[in-house]
Every structure is written in C-alpha cells, then in structure tokens.
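Visitor: Pasting a predicted model and its sequence here:
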Amino acid sequence: MAINYEHLLNYPIPEIRQTIRWQDTALYNFSIGLGQDPMDQKQLDFLYEPRLKAMPSMANVLGYPGFWLRNPDTGVDWTQVLHGEQSVILHKPLPVDGEIIGRSRISEIIDRGPSKGALLYNERVVLDARTGEKLATLEGTTFARGDGGFGGPEGPVKKPHPEPGGTPDLTVDLLTRPEQAIVYRLNGDHNPLHIDPEVAAKAGFKQPILHGLCTFGVVCHALMKALCGYDPARFGRMDLRFSSPVFPGETIRTEIWHEEGGAAFRARVVERDKVVVSNGLFRHAGVP
C-alpha cells in the first residue's frame with residue numbers, strides 16, 4: 001500500500017492526556033544517566049524529590065502517541081522507517097508533576113523518489129492540561145526508506161545546522177550504563193530492539209542498542225551541564241541529527257562550539273571514535 005499524501009498529512013493521530021508523577025520525572029532523569037555521581041548536588045536536583053527539576057529532554061516522552069505509523073492504513077512500510085532528526089523547543093521549564101496534553105500532527109511529507117524514500121516531518125505540542133499553556137514543541141524527521149515515489153512534493157527539504165570546523169571550545173564526556181536501555185524503555189518506548197538480544201542480532205547489531213532519544217537525553221545533559229549550569233530556565237532549544245547508534249556502556253563525548261545565542265555541537269562514542277549525533281544546534285532561552 002503506497003502513501004496517500006492527503007490521507008497521511010491529515011492522519012488522525014490520537015491526542016494524549018498524561019498524568020506525570022514526581023516518580024516519573026525522577027525515573028526519566030535517572031534513565032538518561034543522571035545520578036552516577038551521588039555526591040554531585042546539581043545532578044541530585046534532578047533525582048531528589050524535595051527539590052526536583054525536569055530535564056528539558058523529558059518533553060520527548062510526554063504526550064507520546066505511540067508508534068502509530070505501524071497502523072496499516074498509514075500506507076507506510078513501518079519496518080523501513082528511521083528516526084533521522086529531533087528538536088525540542090522549550091517554552092518554559094517542564095513541570096515535575098501534573099497533567100499534560102500532547103497534540104501531534106504530520107506537518108509535511110517529502111517525496112525523494114522511488115529509490116530514495118520519503119521524509120515525514122512531524123510536530124508535537126505539549127500543553128499544560130489545567131491552564132492550556134504551551135510547555136514544549138517537538139519537531140522530528142522520520143525517514144521512510146521504502147516509501148518514495150508516491151507523487152508528493154519534492155521539497156522544500158529542511159537544511160541541517162552547519163557543522164563547525166576546528167577544535168571544539170568545550171567537551172563533556174558522559175558514561176552510559178550497561179543496563180541504560182532497559183531502564184529508558186520504562187518511559188514508554190518498548191521497542192524490543194533495545195532489550196532483546198535476538199531482535200538486535202536480526203537487525204544486524206551485536207547487542208541491543210540505546211534508544212536514539214536516550215542518546216538525545218545524554219547530550220541534553222551535557223549541554224545543560226556545560227552551557228546552562230543545570231538550570232532548565234536557561235534552555236531554549238536543541239536540534240540534532242542522529243548519525244549512528246550507541247551501545248549501552250559506551251562513553252558519549254559531546255563537542256561544543258560557542259555561537260551567538262548558544263552553540264553548535266556534535267557527539268561521538270569515545271571507545272569507537274564514531275560520530276553518533278551531528279549538526280547540533282543549541283539556543284538559550286529567549287534567543288530565536
């Protein structure tokens with residue numbers, strides 16, 4: 001079944017109403033690696049309930065409508081989709097408890113041709129359910145490798161943030177835990193690729209891989225540490241492109257170059273010297 005452009009563009013993705021407990025916030029923060037140094041007071045602010053804060057990247061797991069692209073009536077070959085890019089725009093610090101609403105939509109579909117697949121641009125807005133206030137906007141790109149040639153528009157294609165040259169101004173090394181993917185899936189992403197060795201082997205991996213959005217969270221932690229002093233109110237937006245998977249237990253080195261209003265960044269796995277995140281853009285709160 002081929003993609004029907006108008007049908008998929010207007011697909012009724014379910015609105016999600018979600019209750020957040022402080023335990024959910026602490027679990028998310030723990031699942032992206034905070035707390036490995038239990039004497040670090042700034043990290044404990046994201047784990048200890050009397051003074052708990054939410055990491056900005058937690059927006060990625062709020063109001064998540066599930067893997068709806070797996071539905072047959074989408075026309076998408078879900079076995080051939082890859083998460084290519086992700087952005088979090090924070091409008092205000094996330095609550096550590098309360099109720100939120102997630103509203104998702106497909107914003108555009110780009111036809112790259114019969115042998116080149118399609119790009120699905122998606123957006124999710126996270127709202128405070130009580131006040132209606134916008135908390136975060138998430139933008140993502142899904143690469144549907146098996147769905148090109150459906151007769152849709154050929155552009156415009158979003159341009160990634162250019163990568164800087166030279167030596168980075170800052171680097172932050174953060175170790176992932178061997179069991180980190182097992183913990184991260186408790187946030188709601190239950191893809192067996194991240195826990196079942198047999199599924200991982202069939203996909204061509206030596207072991208279950210870390211969720212891409214867990215890698216996003218680790219890099220967000222690095223940016224919060226290096227550029228925001230662990231203050232969520234200083235975080236504006238973060239965009240990146242996924243380049244390669246991470247194996248749990250590896251060290252993620254985030255390389256940062258200062259720019260007006262924020263920074264450019266990329267991340268690599270130290271043990272394999274492999275770039276896993278590229279074309280990164282960070283902006284402080286209040287910077288367009």
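Guide: Yep, that arrived.
Visitor: Tell me, how many residues neighbour the closest residue in space to residue 234 that isn't next to it in sequence?
Guide: Taking C-beta to C-beta, 6 or more residues apart in numbering as the measure, residue 234 lies nearest to residue 228, with 4.1 Å between them; neighbours along the chain are not counted. C-beta: built from backbone N, CA, C; applies to glycine. A count of nearby residues for residue 228, using other C-beta atoms under 10 Å, gives 18.
Visitor: from memory residue 168 sits against residue 256, does it?
Guide: Yes - the pair residue 168 and residue 256 passes the contact test of C-beta atoms under 8 Å, sitting 5.6 Å apart.
Visitor: so who does residue 206 touch?
Guide: With contact set as C-beta atoms under 8 Å, 6 or more residues apart in numbering, residue 206 has these partners: 200, 247.
Visitor: Would you mind measuring from it to residue 249?
Guide: From residue 206 across to residue 249, the span is 12 Å (C-beta to C-beta, to the nearest Å).
Visitor: Please apply the same query to residue 169.
Guide: 28 Å.
Visitor: Repeat that for residue 127.
Guide: 37 Å.
Visitor: try residue 173
Guide: The spacing between residue 173 and residue 249, counted by C-beta to C-beta, is 14 Å.
Visitor: Show me which of those two is the more surrounded one.
Guide: Higher neighbour count among residue 173 and residue 249: residue 249, with 15 against 10, using other C-beta under 10 Å.
Visitor: can you list the weak-confidence ranges in the stretch 1-150 of the chain?
Guide: Residues of the stretch 1-150 of the chain meeting the criterion pLDDT under 70: 1.
Visitor: One more pass at 90, please.
Guide: Per-residue confidence for the stretch 1-150 of the chain (pLDDT under 90) gives these ranges: 1-2, 66-67, 70, 78-82, 115, 145.
Visitor: can you give me the helices for this structure?
Guide: In order along the chain, the chain carries the following helices (DSSP state H): 5-9, 22-31, 41-44, 180-184, 197-202, 212-227.
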